[in-house]
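Asks: take a look and give me a structure for this.
(2 chains)
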Amino acid sequence: DAGVIQSPRHEVTEMGQEVTLRCKPISGHNSLFWYRQTMMRGLELLIYFNNNVPIDDSGMPEDRFSAKMPNASFSTLKIQPSEPRDSAVYFCASTVGLAGSGELFFGEGSRLTVL
Amino acid sequence: GDSVTQMEGPVTLSEEAFLTINCTYTATGYPSLFWYVQYPGEGLQLLLKATKADDKGSNKGFEATYRKETTSFHLEKGSVQVSDSAVYFCALSRNTGGFKTIFGAGTRLFVKA
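Replies: Numbers count the residues shown, from 1 in each chain, chains lettered A, B, ... in the order given. Just a heads-up that it's a prediction; the model follows:
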């Protein structure tokens, strides 16, 4: 069975450029999460969607970050303009429903380096 | 707000040693508790979970017991292997009209042959 698929796996860009990260959740999962992982701050929840609707975006660091989920099988996280402090590994995860006991299924991550 | 605190790493053990990674949490109500493992270059994957007090989660020789009285969920394994080298994350989640999983900072484990 296909897991959560993220692209690109690695992205190197220059400060000021637009970055778009992509995620395909597991089929049948209706909740999707974007996390950012850095050495300094660990795993941070940026935003999550349920049934394609953003439920909580309080973790989005600033207006340069935006996320969309146009349909049940696709989500994007966009950074515009990018800055060196955005360098991190960005993970997408999905699960079924909103139950508090649900397991999250993670993709392999997108490693972003902003020069 | 909800939070998870786990012991700092790295933890370095010899093969076949006993492992304990401490985890305590702060949350109102009755959260579900999880341990996730992250191998190099990969995403997190669920190792085990417990959904109510006194439940014991177990998988691959690892186990953890949900202790509400001490708000703890310590991870243990009786005999570690080199292949257990990874980063381990303690986490909690609860449905409070929304759904968030809160992760601890992670504990890196090195197992020497």
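Asks: wait, isn't residue B:48 in contact with residue B:62?
Replies: Yes: counting by CB atoms under 8 Å, residue B:62 is a contact partner of residue B:48 at 6.0 Å. Every C-beta, even on glycine, is put in place using the N, C-alpha and C of the backbone.
Asks: which residues are in contact with residue A:45?
Replies: Contacts for residue A:45 (CB atoms under 8 Å, 6 or more residues apart in numbering or on different chains) come out as A:33, A:34, A:35, A:56, A:59, B:100, B:101, B:102.
Asks: roughly how far is whichever strand or helix holds it from the heart of the chain?
Replies: Taking DSSP states H and E as the definition, residue A:45 sits inside strand A:42-50. Relative to its parent chain, strand A:42-50 has a centroid offset of 7 Å by CA atoms, centre = their mean, to the nearest Å.
Asks: please identify the buried residues of it?
Replies: If you call a residue buried by 16 or more other CB atoms under 10 Å in any protein chain shown, then strand A:42-50 has these buried ones: A:43, A:45, A:46, A:47, A:48, A:49, A:50.
Asks: the last one touches residue A:31, doesn't it?
Replies: Yes: using CB under 8 Å, residue A:50 and residue A:31 qualify as a contacting pair, with a distance of 5.0 Å.
Asks: re the thing from before, report the two of the contacts of residue A:45 separated the most.
Replies: For the contacts of residue A:45, the maximum inter-member distance is 15.1 Å, found between A:34 and B:102 (CB to CB).
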